Each structure stands twice: as C-alpha cells, then as structure tokens.
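**Student:** Predicted model and sequence below, questions to follow.
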Amino acid sequence: MTVIDREPSGDSAPTLSVPVVDSPPGDQAVGWRHRHLLDVDVLSLADLELVMRTTDAMREVLARPIAKVPALRGRNVTILFYEASTRTRISFEVAAKNLSADVVNIATATSSVTKGESLVDTVKTVEALGAQLLVIRHAVSGAPALAAEVFSGSVLNGGDGWHAHPTQALLDLYTIRASLAGPDGSLAGRKVVILGDVLHSRVARSNIWTLTAAGADLWLCGPATLVRGFEAWALRGAAGRRFTVTSSVDDALRDADVVMALRIQKERMATGLLPSLREYSARYGLTRERLAMARPGALVMHPGPMNEGVEIAPDVAAGVQSRIEEQVRNGVAVRMALLYLLAGVRS
Ligand code: CP
C-alpha cells in the first residue's frame, strides 16, 4: 500500500509499501519523477504501476467513513477549463478536496479570457494568485504544454484537443485491470476494442499507449474515415505492441474482452466524414446483438459523455456488463493518486 496520509515530500517522499497514518512527511523516495502530466507516452511501466498502486491506496481512503486525508493540506489546486466537462472537472475537484487541498475553480466563460486574455497571461495570473497544481482543459492540442512552459508548479492535462487525455487513460487502465489483469497486472492475452470516432478522440490516443504498454491486444474500429492514419501508429515506435486497425465491426468484436465505445465528436468533426448519425449507429453502434459477438461477460466501457442510441444502445450502457459508472468512480481515486504524486515533485 502506498503511504498517502502524510504530505508528499518531493525527493524525500514515502515508500510504496509501508502504510503510515497521519504521520509527518517521510524521507524515502516514492519513485515518481514527472513534474507535469501532459500525456501518458512518457510514463514507464514502473510509473504506470506506481499510479495503479497509489490509486489502490486512494480507493482505500475513499472506503473510509470520512474519505479525507491531509496529504495536500496547504496546497493550492487550480482547475482551469476552457472546454465543457462534467466528469473530469468535478472528479478533480472532489479528488483535491479529499486530499485537503485548497481548490480554485475557474470558469473561463466568466473570466477575463472573454476579454481576450491569453492563455499565458491567464496562467501567470493564477500562479500569482497562489496556484501550485494547475489542471487545465483546452480545445487546442498542446495548450497544457504551453502552460507548463510558463508555470512554476505542476500542470495536469485534463484533455487537450485531439491530443491527449492522460487521466482518462489511466482510469480506464485501472478499471480494466480490476477485472481482467493477471497476477502481475498484465493485460496480455486480453482483446480490447475501441469502437467509434477514433480520429477525433484524445481518449483513444492516450489509451493506445497505456493499454498496449500493459500488454493488451488493442483493436481500433470505426468507419474508414474515422480510423484513418492510425495504421502508422501501429508501425511507429511500437515494437512488440499488439495493435490492429479495422473497419470491420465483426472482426473487432469477435472474442473481445473489453469494448469501449466512443462518442461521435461533432464539435471536432469536419463535414463529409459520416453520411449520417443514423447510418453510423446502424453500422457501428454497440447494440446487445453486437456485444454478443464478444466474450461472455466482456466489459462495456465509455469515457462519457454518451449519446445513447447513437454509439451505444441504452440497454448496453445500463447492462450488467457495463463498467461506465465504475470508470467515473475510479476517476476520483486515479486523480487523487496523480495529484498526490505530482505534489511530491519539487519544481
Ligand atoms: N471523459 C470526459 O472527459 O468527460 P467530461 O468531458 O465530462 O470531463
């Protein structure tokens, strides 16, 4: 179990194996060295394992009658979202509060962003106001990386454009491992399908890294216009990773252990990529009949928000195989773990 009831202490943070409750900061390295979390492609297998184990410890905190520890007492977590969000924004806020951090939530629609203030100026302003850990979501890929260049604390990417959604990928990995991992945490031999609008999906891009790193046999499936370009990912720098791109929903779903449906992201979609949502739903929607091609008991997942009746049938989303609410619950524990780990790294 990871020690999480005391404050993280940078290079002298606690060990992974000794539970200490409400004690002063320790003097042993926890092994986390990343100042920012901009994507998952920089995380080693050891990093992933550390996030998973720290999340286990955070779930244990969440199971207590009072789900709160003083780990981030006196730290400021500022949440700056330029795009709409329900799950990510609220779960970061809940996670930070569970760690006793001071939380500042900025709605850009009512901030000086509407008067033309730049991202850099906004980041410098929130830093001057006390921000130490900055969670940022932005419609533009790379915006959190730009923020990280000018911010003296830690930046956590809450989703940027088509690029990355690292905390979603980590909570997805945690959720899948909870049901399907071997004793070593590996997903080797498990077929995981990401079905839908892969092209516009930052969730898919981050999940490709974590799921293949964990050993899963990953399949990306959707209309040719919505999976194009990903064959190159299969070839590029992914030696030893199992990764297939297809437009055949039958090939993808056959004997799958996990099916993750993705929303059609109309806000990022150029015209002409789909004949109609009705046709998409008829050919690629995750229905009970299609799910029957997967292994019995295959996990059904969706990062949300869902458009039920389009990419996923309501009875599948609410069915016994669904892990969608578990994904949301695990999001709090994973984000607690990441805030805790990043708070332990000195700038
Ligand atoms: N999965 C996800 O990012 O959901 P929100 O847009 O509601 O945060």
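**Tutor:** In hand now; what should we look at?
**Student:** can you list the domains in the protein?
**Tutor:** Following automatic domain parsing, one gets these domains for the chain: 21-164+330-345, 166-327.
**Student:** Break down the protein into its helices, ranges please.
**Tutor:** 45-62, 87-98, 119-128, 143-150, 166-180, 202-213, 224-227, 230-235, 249-253, 277-284, 288-291, 314-317, 324-343 (DSSP state H).
**Student:** what about residue 294, distance to residue 210?
**Tutor:** Going from residue 294 to residue 210 by C-beta to C-beta, to the nearest Å gives 21 Å. Every residue, glycine included, has its C-beta placed from N, CA and C.
**Student:** likewise residue 40?
**Tutor:** Taken as C-beta to C-beta, the span from residue 40 to residue 210 is 5 Å.
**Student:** which residues are common contacts for the two?
**Tutor:** Residues touching both residue 40 and residue 210 (C-beta atoms under 8 Å, 6 or more residues apart in numbering): 48, 169-170.
**Student:** Need the domains of the chain in JSON lines (columns: mean pLDDT and mean neighbour count).
**Tutor:** Shown next, in JSON lines, are the domains of the chain (pLDDT from 0 to 100; neighbours: other C-beta atoms under 10 Å):
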{"stretch": "domain 21-164+330-345", "mean pLDDT": "91", "mean neighbour count": "19"}
{"stretch": "domain 166-327", "mean pLDDT": "92", "mean neighbour count": "19"}
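**Student:** Just put those in CSV and tack on distance to the ligand.
**Tutor:** Shown next, in CSV, are these (distance: least, C-beta to the nearest ligand atom, whole Å):
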stretch, distance to the ligand
domain 21-164+330-345, 3
domain 166-327, 4
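**Student:** Now do the contacts for residue 142.
**Tutor:** 160-161, 163.
**Student:** Equivalent analysis for residue 308, please.
**Tutor:** With C-beta under 8 Å, 6+ apart, residue 308 has these contacts: 314, 317.
**Student:** Could you give the bridge partners of it?
**Tutor:** Under DSSP bridges, the beta-bridge partners of residue 308 are residue 312.
**Student:** Can you give me the distance of it to residue 281?
**Tutor:** 10 Å.
**Student:** what does residue 275 give?
**Tutor:** Taken as C-beta to C-beta, the span from residue 275 to residue 281 is 11 Å.
**Student:** now residue 335
**Tutor:** Counting by C-beta to C-beta, the gap from residue 335 to residue 281 is 32 Å.
**Student:** Tell me who's in contact with the closest residue to residue 332 other than its chain neighbours.
**Tutor:** For residue 332, ignoring the flanking residues on the chain, the nearest one in space by C-beta to C-beta, 6 or more residues apart in numbering is residue 91 at 4.8 Å. The neighbourhood of residue 91, defined by C-beta under 8 Å, 6+ apart, consists of 328, 331-332, 335.
**Student:** okay, stretch 207-222 in CSV with CA atoms only?
**Tutor:** Extracted in CSV, the C-alpha atoms of stretch 207-222 (Å, rounded to 0.1, in the frame of the first residue of the first chain):
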residue,chain,number,x,y,z
ASN,A,207,-5.4,4.7,-24.3
ILE,A,208,-3.3,3.4,-27.2
TRP,A,209,-0.2,4.0,-25.1
THR,A,210,-1.3,2.7,-21.8
LEU,A,211,-3.3,-0.4,-23.0
THR,A,212,-0.6,-1.6,-25.4
ALA,A,213,2.1,-0.9,-22.7
ALA,A,214,0.0,-3.1,-20.4
GLY,A,215,0.2,-5.9,-23.0
ALA,A,216,-3.4,-5.8,-24.3
ASP,A,217,-4.2,-6.8,-27.9
LEU,A,218,-5.7,-3.4,-28.9
TRP,A,219,-8.2,-3.0,-31.8
LEU,A,220,-9.3,0.3,-33.1
CYS,A,221,-12.6,0.0,-35.1
GLY,A,222,-14.7,2.6,-36.9
